[in-house]
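Visitor: Here you go, sequence then predicted model.
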Amino acid sequence: MESSARLSLPFISPGQAQKELFHNEALQILDSVIAAAAEEPPRNDPPNPPVVGTCFLAGPSPTGDWASNANALASYTAAGWRFASPLDGMQVWIKSSSVLAIYAAGAWQVGTLFGSKVVVGGAQVVGAQASSIADPAGGATIDSEARTAISSILAALRQHGLISSS
C-alpha cells in the first residue's frame, strides 16, 4: 500500500476494495495531527484506562501499547491507539500547562520558543542578546562608576528594545 511521504496517509488505489477503510484511516491520522493538542508533556507509559479522543506525546522510551513508537503523537480512538511519527517543526499544544511542544533534533522541546526577535504591537521588544556589561570594580569615586554601570544597563535595555531610546 502506498502512502504520503510526510504523514504516511494511506492512498486509495484504483479498483481497491473497501476504499472507505483507507480513507477513514487517513482521516483518523489527520484528526490527530491537525491543530494537535496533547493532554500533558511527553510520557513513556500509556494512560490506564485511555479515553477515546485523547492525545498524548509518547516519551523517548515508551512501554506497553506504545512500545516502538518513541516520541510519537499517540491518539486513542474507538479502534485503539493511532500513532503519528513526529517531523522536525511539528507543534503540539500541551493542555495541562498551556504551552507549545515543538519537535526538533529528535526530541520534544516543551515550553521552549525559538526565534530571533519578539515584536509586540509592531515594536520589537526583545532581540538578539547583546554583550555583557562589566560590573563596577570599586575605586575612589563610587558615584562615577555607578553612573557608568547604570548607563551601560540602560543602553543594553534600549538595544534589546525593552525600553525606548527616546
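Guide: Structure's in. What do you need? Residues are numbered from 1 along each chain as shown.

Visitor: Pull out the buried positions in stretch 149-166.
Guide: Ala156, His160, Gly161 (16 or more other Cβ atoms under 10 Å). The C-beta positions use only the backbone N, C-alpha and C, and glycine is treated the same way.

Visitor: next one: stretch 88-106
Guide: Met90, Val92, Ile94, Ala101, Ile102, Tyr103.

Visitor: can you pull the contacts of the fifth one?
Guide: For Ile102, the contact set (Cβ atoms under 8 Å, 6 or more residues apart in numbering) comprises Gly89, Met90, Gln91, Trp108, Gln109, Thr112, Phe114.

Visitor: Closest one of those residues to Gln28?
Guide: Closest approach to Gln28 among the contacts of Ile102 (Cβ to Cβ): Met90, at 17.1 Å.

Visitor: Quick check: phi and psi on that closest one?
Guide: phi -60, psi 140 (degrees, to the nearest 10).

Visitor: what's the closest non-adjacent residue to it?
Guide: Once flanking residues are discounted, Met90 sits nearest to Tyr103: 4.4 Å by Cβ to Cβ, 6 or more residues apart in numbering.
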